[in-house]
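**Q** kindly return the folded structure for what I paste below:
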Amino acid sequence: MSVDGRAVTEAVAGLPLAGNEEGLIPAFGLYLTRHYAPYYNAVSYAYLHHARDEGDASLAKARAALVEAGHICAFNTFGGIMLSQEWEAVVAPMIEERADWMYGIVAVVNALGWGRWSVEDLSQDEMRIAVADSYESTGYLAEHGESELGGVCFLATGGVAGLMNLLYHGDITNRPALNPTYYAELFGNDAGFAAEEIVCRAAGADRCEFVARRQ
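**A** Have a look, this model is predicted:
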């Protein structure tokens with residue numbers, strides 16, 4: 001691994017990521033928003049708990065929908081970052097092999113306030129990521145106490161799967177167009193990666209851990 005993660009995180013953290021007069025943040029070739037974690041958590045977990053009260057089938061659908069939000073976020077946000085001028089300036093000069101793309105994007109993520117991500121293991125068929133102080137588990141514990149539903153870091157779960165689909169199912173290194181057709185190729189079949197949260201702080205663990213495997 002040739003990427004200096006600390007240097008990447010510090011460089012991205014120093015970018016001017018304040019919103020403009022329309023409330024948008026033009027960065028990484030994207031239009032981002034500064035979305036407050038407590039608000040996102042409140043909406044997500046209200047939906048989750050309502051679905052739980054409706055029964056197991058509704059709960060399963062809610063979990064899948066919340067993870068799908070993570071897939072969409074990874075595809076557009078993480079994919080957009082890896083195609084951006086900022087990536088070319090900061091991360092690309094450090095890249096020597098395909099895996100370095102993963103270490104580079106995780107270092108970028110660590111500048112965005114989503115907890116401290118670390119790649120524990122990586123191959124072309126599987127990745128394990130640990131997250132310290134994930135905003136989802138932190139928010140759940142603060143508002144609802146310890147989870148009786150297992151892991152609650154749905155956006156991160158989808159994000160981990162999305163990263164593997166971008167790099168090892170598709171090929172972000174070839175700079176594909178991030179359009180609905182390509183999204184369907186990566187996530188619309190059983191040939192790509194799916195992720196699960198195997199332990200979660202909200203369910204009593206010291207940190208959150210995720211594994212993405214080729215289906």
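**Q** what does stretch 170-189 rub up against?
**A** Outside stretch 170-189, the residues that touch it by CB atoms under 8 Å, 6 or more residues apart in numbering are 71-72, 75-76, 79-80, 82-83, 98, 101, 162, 165-167, 169, 192. Backbone N, C-alpha and C define where each C-beta goes, glycine included.
**Q** can you pick out the most distant pair from those?
**A** Greatest spatial distance in those: Ile72 and Arg98, 23.5 Å, computed using CB to CB.
**Q** sorry, back to before: please narrow the contacts of stretch 170-189 to those residing in helices.
**A** Assigned to helices by DSSP state H, the following of these qualify: His71, Ile72, Gly79, Gly80, Met82, Arg98, Trp101, Gly162.
**Q** you'd agree Ala130 is in a helix?
**A** No: Ala130 is assigned strand when assessed by DSSP: H, G, I helix; E, B strand; the rest coil, not a helix.
**Q** for it, grab the count of nearby residues.
**A** Neighbours of Ala130 under the rule other CB atoms under 10 Å: 18.
**Q** do Glu197 as well
**A** 26.
**Q** same deal with Glu10?
**A** 14.
**Q** about what we covered before: of the contacts of stretch 170-189, buried ones?
**A** Buried residues within the contacts of stretch 170-189, counting neighbours by 16 or more other CB atoms under 10 Å: 71, 75, 79-80, 82-83, 101, 162, 165-167, 169, 192.
**Q** identify the residues contacting Ala107.
**A** Val3, Gly5, Arg6, Val8, Thr9, Val12, Val91.
**Q** quickly find the element holding the first one.
**A** Element membership of Val3 [criterion: DSSP states H and E] is none; it lies in no helix or strand.
**Q** tell me how far the residue nearest to the spatial centre of the chain lies from Ser84.
**A** The centre of the chain sits closest to Gly159, judged by CA atoms, centre = their mean, with a distance of 2.7 Å. Counting by CB to CB, to the nearest Å, the gap from Gly159 to Ser84 is 17 Å.
**Q** again with Leu112
**A** Taking CB to CB, one finds Leu112 at 14 Å from Ser84.
**Q** ok, Ala92 next?
**A** Separation of Ala92 from Ser84 (CB to CB): 10 Å.
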